[in-house]
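# Just the structure for this:
(one chain, ligands or ions: 2)
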Amino acid sequence: MAAETMEPAGPAPAEGGAVAGCAADGALAGRGATQGAGEALRRWVRRVPDHPVPGVTFLDITPLLGHGPAFRQAVDALAAAVAGLEFDRILAIEARGFLLGAPLAVQLGKGFVPARKPGKLPLTVVRQAYELEYGQAAIEVHRDAIAPGDRVLIVDDVLATGGTSAAAAALVERLGGRVAGFAYLIEIAALDGRRRLGDRPVRVVLRA
Ligand SMILES: O=P(O)(O)OC[C@H]1O[C@H](OP(=O)(O)OP(=O)(O)O)[C@H](O)[C@@H]1O
Ligand SMILES: Nc1ncnc2[nH]cnc12
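Ligands and ions are numbered 1, 2, ... in the order given. Sure, this is the predicted structure:
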């Protein structure tokens with residue numbers, strides 16, 4: 001089978017539109033990633049209007065996940081973006097956060113902590129409720145997943161309102177850990193989720 005490349009034969013998105021371009025200098029805030037990587041990845045993210053509720057434009061990364069070189073480049077770009085941050089383990093948020101956080105942990109040789117939807121983890125957990133752009137939710141982490149003093153990088157696919165990430169940070173700190181920073185494939189800049197993250201480092205590959 002011919003190798004896939006970052007340049008698809010036709011338009012990447014089968015339906016919906018690729019994430020529209022924004023100012024070139026704002027397109028990639030990778031701080032270590034290359035602008036070319038961010039721009040190459042932009043075409044693999046679809047904008048889906050009115051999903052999951054009217055008024056929300058959903059950024060769908062399934063085209064990126066479905067294309068081997070794009071998926072690899074996304075993980076590589078995240079790795080480059082977090083270069084210089086010091087952390088012991090990566091915490092990622094179910095479900096889409098796992099898709100990027102786990103391969104990033106493998107690539108960087110770090111442990112992985114899953115923050116799961118309620119009721120999934122079998123042992124004693126800490127739980128944090130939060131609000132999303134389109135509803136309410138909660139996440140749980142095993143109480144023994146983070147030790148006091150652990151430095152934790154929080155990884156997710158999308159930073160929107162920041163509610164999910166703020167909840168994840170609260171869990172880390174309730175367990176005595178320290179949040180070393182946050183890393184995202186995509187930041188929805190208009191929703192200004194950064195305001196929820198305090199003064200901790202925020203690394204982003206692509207801004208929509
Ligand atoms: O910044 P926020 O406004 O909190 O939104 C970002 C979160 O929303 C999405 O997850 P979602 O809850 O839709 O779940 P999923 O990963 O299971 O699709 C996304 O994967 C982030 O975790
Ligand atoms: N607009 C959006 N697209 C994709 N994931 C999201 N998570 C929260 N808001 C989102």
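# Could you use CA atoms for every contact and neighbour count after this?
OK.
# can you tell me the helix or strand for Ala138?
Take DSSP states H and E as the rule and Ala138 turns out to sit in strand 135-142.
# Tell me, how many residues neighbour Gln107?
With neighbours defined by other CA atoms under 10 Å, the count for Gln107 comes to 12.
# Measure how buried the residue lying closest to Leu197 once chain neighbours are set aside is and give me the count.
For Leu197, ignoring the flanking residues on the chain, the nearest one in space by CA to CA, 6 or more residues apart in numbering is Ala166 at 6.1 Å. By other CA under 10 Å, 21 other residues sit near Ala166.
# So for Asp25, what's the pLDDT?
pLDDT, Asp25: 24.
# picking up where we left off before, doesn't the residue nearest to Leu197 lie inside a helix?
Yes. Under DSSP: H, G, I helix; E, B strand; the rest coil, Ala166 falls within a helix.
# Arg195 is in contact with that one, correct?
No. With contacts counted by CA atoms under 8 Å, Ala166 stays clear of Arg195, the gap being 9.8 Å.
# how about the residues of this structure near ligand 2?
56-59, 133, 158, 160 (CA under 6 Å from any ligand atom).
# rerun that using 5 Å as the cut-off
For the chain, the residues in contact with ligand 2 (CA under 5 Å from any ligand atom) are 58-59, 160.
# of those residues, list those near ligand 1.
Among those, ligand 1 is touched by Ala160 when using CA under 5 Å from any ligand atom.
# Tell me which of the residues of the chain next to ligand 2 fall in strands.
The strands, defined by DSSP state E, take in 58-59 from the residues of the chain next to ligand 2.
# Show me where the protein has its strands.
So, for the chain - with DSSP E - the strands run 17-18, 46-49, 57-60, 89-93, 111-115, 125-132, 135-142, 151-159, 178-187, 202-207.
# re earlier: how near is the residue nearest to Leu197 to ligand 2?
13 Å (CA to the nearest ligand atom, to the nearest Å).
# do Pro118 as well
For Pro118 relative to ligand 2 (CA to the nearest ligand atom), the value is 18 Å.
# That residue reaches Glu140, doesn't it?
Yes. In this structure, Pro118 is within contact of Glu140 by CA under 8 Å, at 5.9 Å.
# Looking at these two, which is more packed in?
Using other CA under 10 Å as the criterion, Pro118 and Glu140 rank with Glu140 on top: 24 against 16.
# who does the more buried one bridge with?
Arg116, Arg127 (DSSP bridges).
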